[in-house]
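Engineer: From the sequence below, what's the structure:
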Amino acid sequence: MTGREGGDRRVDGDVIGDANGRGSGGGAGDPNGRGAGDPNGRGAGGPNGDKELLARRFEADRGHLRAVAYRMLGSLSEAEDAVQEAWFKLSRADVSAVENLSGWLTTVVGRVCLDMLRSRGSRREDPLEYYVPDPVVRLPDTTDPEQAAELTESVGLALLVVLETLSPAERLAFVLHDLFAVSFDEIARIVDRTPAATRQLASRARRRVQDSAPAAGPDARRQREIADAFLAAANGGDFEGLLAVLDPDVVLRADGGRVLAAASKVVRGAEAVISQALMYAKFRQASLPVVVNGAPAYLAVADGRPSVLMAFTIAGDRIVGLQVLADPERLAALDLSEEDLARAAF
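Structural biologist: Residues are numbered from 1 along each chain as shown. Below you'll find the model as predicted:
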């Protein structure tokens, strides 16, 4: 990657400010555009500055950075790794000239995620068609915690699935610009392209998202009613009841991970989705209503452990997508306590 003309300085390959002392961040600073240092807007400190202050400033941005990384990667564990890498870079850098530390950190996380996506693409073995991104799960009667709110705002599993089809550079341009308002000038420095070429990356990605992402659904209460109706009809073997809530072109995507690779599949069309009786049978034993990335979902529980997670994508008054996660490794990592799981109803 090459920097813009004008004397950009780098630490560990990251542009941290130009010769005039301007910061390199974009779109994520405080409302007044001040830096992360003292109240007068001076820099955030560096190797000789207040590391404790810098650490506190980073923690204040951690949720935002995690949200950026989650949209870029669709993986909670990888998002945490990317955020941690951003801290390593910050702790080694002299950012005293950076006016907008939040923006600087946003671009650093973007660059880390871009490298991770490129590496993932070269070694990926699991078929992308079956992939269900990591869900953010909470109980429906709990207040959405700050972390979950930051991660899931405007990002359902269906959108994350579409983002997986983009090239790494397209995904970066779309996520940073369209979702976090980072300028094309700043993004261009990350992907080593001109701002005009970067704008084209985002435009292509935007068209793909608009063509593939489902339309907006009804309010949360109505979505839960539709999800409840589906499960009741599935449990009762009510073919007509299932047809009433499924879009004719509904798509079911099941991801069994490495352990249950044979369970991974994509099923298209209402009648084909209805035929997956064995998949729905697990929810007849014990199931827990949950919220996944802001959408209704159900978690099947067996022997006190998560067994299958089924999340719904609803547009209009019909289910247009079902994301089924059966991967035991990722299910074991869900942020639900034993008390939460014990609430599963038979």
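Engineer: For burial, what's the neighbour tally of the residue lying closest to residue 299 once chain neighbours are set aside?
Structural biologist: Of all residues not flanking residue 299 in the chain, residue 288 sits nearest, at 4.6 Å (CB to CB, 6 or more residues apart in numbering). Where you see a C-beta, it was placed from the backbone N, CA and C, and this is true even at glycine. Using other CB atoms under 10 Å, residue 288 has 22 neighbouring residues.
Engineer: quick one: secondary structure of residue 288?
Structural biologist: When classified by DSSP: H, G, I helix; E, B strand; the rest coil, residue 288 comes out as strand.
Engineer: doesn't residue 337 make contact with it?
Structural biologist: No. Using CB atoms under 8 Å, residue 288 makes no contact with residue 337, being 11.7 Å away.
Engineer: how about the residue nearest to residue 299, what does it touch?
Structural biologist: 139, 298, 299, 301, 340, 341, 343, 344, 345 (CB atoms under 8 Å, 6 or more residues apart in numbering).
Engineer: go on, residue 80?
Structural biologist: 66, 69 are the contacts of residue 80 under CB under 8 Å, 6+ apart.
Engineer: about what we covered before: taking the contacts of residue 288 one by one, which sit in strands?
Structural biologist: Per DSSP state E, strands hold the following members of the contacts of residue 288: 298, 299, 301.
Engineer: who wins for most neighbours among these?
Structural biologist: That'd be residue 299 among the ones in strands among the contacts of residue 288, by other CB under 10 Å, with 27 neighbours.
Engineer: re earlier: any chance of the contacts of residue 288 in CSV, plus pLDDT and distance to residue 181?
Structural biologist: Shown next, in CSV, are the contacts of residue 288 (pLDDT from 0 to 100; distance: CB to CB, whole Å):
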residue, pLDDT, distance to residue 181
139, 89, 32
298, 96, 35
299, 96, 35
301, 94, 40
340, 91, 36
341, 90, 39
343, 87, 39
344, 84, 41
345, 77, 43
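Engineer: Tell me the one among those nearest to residue 330.
Structural biologist: Taking CB to CB as the measure, residue 330 sits nearest to residue 299 out of these, at 12.4 Å.
Engineer: mind checking how far that closest one is from residue 137?
Structural biologist: Applying CB to CB, to the nearest Å, the value for residue 299 to residue 137 is 7 Å.
Engineer: So for those two, which residues contact both of them?
Structural biologist: With CB under 8 Å, 6+ apart, residue 299 and residue 137 have common neighbours 290, 309, 334, 336.
Engineer: Quick check: chain neighbours aside, which residue is closest to the second one?
Structural biologist: Counting by CB to CB, 6+ apart, residue 309 lies nearest to residue 325, which is 4.3 Å off, once chain neighbours are set aside.
Engineer: Pretty sure that neighbour sits against residue 307.
Structural biologist: No. Using CB under 8 Å, residue 325 makes no contact with residue 307, being 10.3 Å away.
Engineer: Which residues does the helix or strand residue 278 falls within contact?
Structural biologist: Using DSSP states H and E, residue 278 sits in helix 277-281. For helix 277-281, contacts defined as CB under 8 Å, 6+ apart pick out 231, 234, 235, 237, 254, 308, 324.
Engineer: Give me the buried stretch members for the helix or strand where the third one lies, please.
Structural biologist: If you go by DSSP H and E, residue 235 is part of helix 220-236. The neighbour-count check on helix 220-236 (16 or more other CB atoms under 10 Å) flags 223, 224, 225, 226, 227, 229, 230, 231, 233, 234 as buried.
Engineer: got the contact list for the second one?
Structural biologist: Think residue 224. Contacts of residue 224 (CB under 8 Å, 6+ apart): 140, 289, 296.
Engineer: Of these, which is the most crowded?
Structural biologist: Result: residue 296 is most packed of the contacts of residue 224 (other CB under 10 Å), 27 neighbours.
Engineer: How about the contacts made by the nearest residue to that residue once chain neighbours are set aside?
Structural biologist: Leaving out its chain neighbours, the residue that sits closest to residue 296 by CB to CB, 6+ apart is residue 227, at 3.9 Å. Residues near residue 227 by CB under 8 Å, 6+ apart: 289, 296, 297, 298, 312, 314, 319.
Engineer: And these, which is closest to residue 243?
Structural biologist: Taking the contacts of residue 227 together and measuring to residue 243 by CB to CB, the closest member is residue 319, at 10.9 Å.
Engineer: Pretty sure the closest one sits against residue 226.
Structural biologist: Yes. With contacts defined as CB under 8 Å, residue 319 counts as touching residue 226 at a distance of 6.4 Å.
Engineer: which neighbours do these two share?
Structural biologist: With CB under 8 Å, 6+ apart as the test, residue 319 and residue 226 both reach 245, 312.
Engineer: Any buried residues in stretch 251-265, and which?
Structural biologist: 251, 252, 253, 254, 255, 256, 257, 263, 264.
Engineer: what do you get for stretch 129-141?
Structural biologist: Applying 16+ other CB under 10 Å to stretch 129-141 flags 130, 131, 132, 133, 134, 135, 136, 137, 138 as buried.
Engineer: Let me see the mean pLDDT of stretch 57-76.
Structural biologist: Mean per-residue pLDDT for stretch 57-76: 94.
Engineer: For residue 118, grab the count of nearby residues.
Structural biologist: So residue 118, with other CB under 10 Å, has 12 neighbours.
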